[in-house]
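# Fold the stuff below for me.
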Amino acid sequence: MEKKMQGETVFAAAGMLHENFQFRNILPSEGETAAEVERICFPPHEACSRNMMLERVEKAPELFLVAIDKRTGKMAGFLNGLSTEETSFRDEFFTDVSLHCPEGRNIMLLGLDVLPEYRGQGLAREIVRRYMQRERENGRQSAILTCLEEKVGMYQKMGFCDCGIADSSWGGEQWHEMRYAIHI
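I've put the predicted structure just below:
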């Protein structure tokens, strides 16, 4: 069941997300699409570069989770990261995919992207929920991300704890470091 709200399609129940979206790992051929979604979702000084996104897709595709609109085949959003043994977020994770350690117990989340026309439906929350479930099954310990002040509440509702101001100054911004305990 769908309803229209201010020009957007809003799905009536979170359970409908499963019916309307396919959640899966990214395909090697989808790097360009992911880079374009990132460009749309983030301001230029915060967005991952095209080349860096292509490198992430190549080197750590297992740490992407994409949501594909079943009706259109369009990538509606994704979450991506790198695994590591490190326990604190640093800016180099954004730019140096060689820091990816496939066996790492922690995930540094590098971007949660949902295209504007898919926002307000619970899609970001569902992507995060499914990602954490998958990484729990993979034996990960925690997921760490940085976000701007105005997003702290959103991430807290998804189960992240605010660890205060991060060491990161990516894009010339002040970020909060947020942590999600995958294995407690």
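# quick one, helices of this protein?
15-20, 31-41, 50-59, 92-95, 123-137, 152-157 (DSSP state H).
# Could you report the neighbour count for the nearest residue to R130 once chain neighbours are set aside?
Excluding its sequence neighbours, the residue lying closest to R130 (Cβ to Cβ, 6 or more residues apart in numbering) is F23, at 5.2 Å. Any C-beta I mention is one placed from the backbone N, CA and C, and that applies to glycine too. Other residues lying near F23 total 19 when counted by other Cβ atoms under 10 Å.
# Check M154 too.
M154: 15 neighbours (other Cβ under 10 Å).
# again with V97
17.
# hmm, back to that, could you report the separation of the residue nearest to R130 from S88?
29 Å (Cβ to Cβ, to the nearest Å).
# before we move on, what about Y118?
Y118 is 32 Å from S88, by Cβ to Cβ.
# I165 too?
Counting by Cβ to Cβ, the gap from I165 to S88 is 12 Å.
# neighbour-wise, which of Y118 and S88 wins?
More crowded of Y118 and S88, by other Cβ under 10 Å: Y118, with 21 against 14.
# Next up, the contacts around that one.
Each residue near Y118 by Cβ atoms under 8 Å, 6 or more residues apart in numbering is listed here: A67, D69, A76, G77.
# Please give me every residue in contact with the nearest residue to the second one once chain neighbours are set aside.
To tie it back to what came earlier, the one meant is D69. Computed as Cβ to Cβ, 6+ apart, the closest residue to D69 that is not its neighbour in sequence is A76, at 4.9 Å. The contact partners of A76, by Cβ under 8 Å, 6+ apart, come to F21, A67, I68, D69, V114, L115, Y118, L123.
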